[in-house]
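Undergrad: Could you work out the structure for the sequence below:
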Amino acid sequence: MSIHPSAVIAHGAVVPDSCEIGPFCVIGPEVVLGERNRLISHVVLDGRTRLGEENVIYPFTSIGVAPQDLKYHGEPTLTEIGDGNTIRESVTISRGTEKGGGVTRVGSGCLLMAYVHIGHDSQVGNQCILANAATLAGHVTIGDFATVGAFSPVHQFCTVGRYAYIGGGTIVTQDVLPYSLTSARRENKAFGINKVGLERRGFSEERLKLLRAAFRLLLAARLNTSEALERMQLMAEDASLSEETRSDLKELIDFIRHSQRGVIK
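TA: I've put the predicted structure just below:
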């Protein structure tokens, strides 16, 4: 085990021999680390925090700290981090609250850039990128493969759909459509599909074509949302399309129908 002599590891913490704990790190008594985690220096892990394997955590990051919620009074809530994440400098991840589900969770393979904040009870999926100073208020859900741009705050209880790309400096107060490119120029708008991101993830031309057609109905066809959903439902029932392609469209339709805060169009 590689533990710098200046690190402080409380009795009861679980730290496997394969982990590397750098200078001035502090690990609380209820923290459990998986194999081959690397804490570079000045990292604080607090509360009932569980880390998977092979995460790299940079200096001045705090994970599992008490939530910034006046209703929290020390309840034994959780923070869960998956495998293979890169968590850069000065990231803060708060533990959950009892009334909010009790768990703040980050999936696997994520990149959290410097100064990211993940508030209590937020759920971040797999392979997500949160750029510098992206800020998630409590109870935010980020779908798999989504990107939140630099200096973008996301309001409480908002959901960002899978594969969405949010441009830098966008203030998100409603749900962000899956597959979309959403940004703030003068006001928040969805500008169509996240074409580059979807291509990089291996989406076929058929899948891209159908998603483009669906977004045209939503954003440019002068239809209200209900009318657009009816047309999209007909498209999704086309038996000539692959199941994967129809599944994309069904996911988009379900996301809109179940949105609690409304969607950014």
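Undergrad: which residues of this protein fall in helices?
TA: Assigned by DSSP state H, the chain shows helices spanning 195-200, 205-219, 225-236, 243-257.
Undergrad: Now for the closest residue to Arg162 other than its chain neighbours: which residues touch it?
TA: With Cβ to Cβ, 6 or more residues apart in numbering as the criterion, Arg162 has its nearest non-adjacent residue at 3.6 Å, and that residue is Gly143. Where C-beta positions appear, they are placed from N, C-alpha and C, glycine not excepted. Counting by Cβ atoms under 8 Å, 6 or more residues apart in numbering, Gly143 touches Gly125, Cys128, Thr159, Val160, Gly161, Arg162, Tyr163, Ala164, Pro178.
Undergrad: Wait, the last one touches Phe255, no?
TA: Yes - when contacts are counted by Cβ atoms under 8 Å, Pro178 is listed as touching Phe255 (5.5 Å).
Undergrad: neighbour-wise, which of the two wins?
TA: Pro178 (25 against 21; other Cβ atoms under 10 Å).
Undergrad: Not counting sequence-adjacent ones, nearest residue to that one?
TA: Using Cβ to Cβ, 6+ apart and skipping residues adjacent in sequence, the residue nearest Pro178 is Gly161, 2.8 Å away.
Undergrad: give me every residue that touches that neighbour.
TA: The contact partners of Gly161, by Cβ under 8 Å, 6+ apart, come to Gly143, Ala146, Asp175, Val176, Leu177, Pro178, Tyr179, Ser180, Glu251, Leu252, Phe255.
Undergrad: Repeat that for Ser180.
TA: With Cβ under 8 Å, 6+ apart, Ser180 has these contacts: Gly161, Ala164, Tyr165, Ala190, Phe191, Gly192, Ile193, Asn194, Phe215, Ile264.
Undergrad: Need these in TSV (columns: distance to Gly119).
TA: Shown next, in TSV, are the contacts of Ser180 (distance: Cβ to Cβ, whole Å):
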residue	distance to Gly119
Gly161	19
Ala164	19
Tyr165	21
Ala190	24
Phe191	27
Gly192	29
Ile193	28
Asn194	24
Phe215	30
Ile264	20
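Undergrad: Leu45 reaches Val32, doesn't it?
TA: No - using Cβ under 8 Å, Leu45 makes no contact with Val32, being 9.6 Å away.
Undergrad: what's next to the lowest-mean-pLDDT helix or strand in the chain, contact-wise?
TA: None of the helices or strands of the chain scores lower by mean pLDDT, DSSP states H and E than strand 188-193, at a mean of 83. By Cβ under 8 Å, 6+ apart, the surrounding residues in contact with strand 188-193 are 170-174, 176-177, 179-183, 208, 211-212, 215, 218-219, 263-265.
Undergrad: again, 6 Å this time
TA: Strand 188-193 has contacts (Cβ atoms under 6 Å, 6 or more residues apart in numbering) with Thr170, Leu177, Tyr179, Ser180, Leu181, Thr182, Leu211, Arg212, Phe215, Ile264, Lys265.
Undergrad: same thing with stretch 7-14?
TA: Here stretch 7-14 makes contact (Cβ under 6 Å, 6+ apart) with Ile21, Cys25, Val26, Ile27, Gly28, Pro29, Val31, Val32.
Undergrad: coming back round to it: of the contacts of Gly143, closest to Arg38?
TA: Cys128 (20.2 Å; Cβ to Cβ).
Undergrad: So what's the residue count around the closest one?
TA: 25.
Undergrad: cool, and Arg222?
TA: Arg222 has 7 neighbouring residues, counting by other Cβ under 10 Å.
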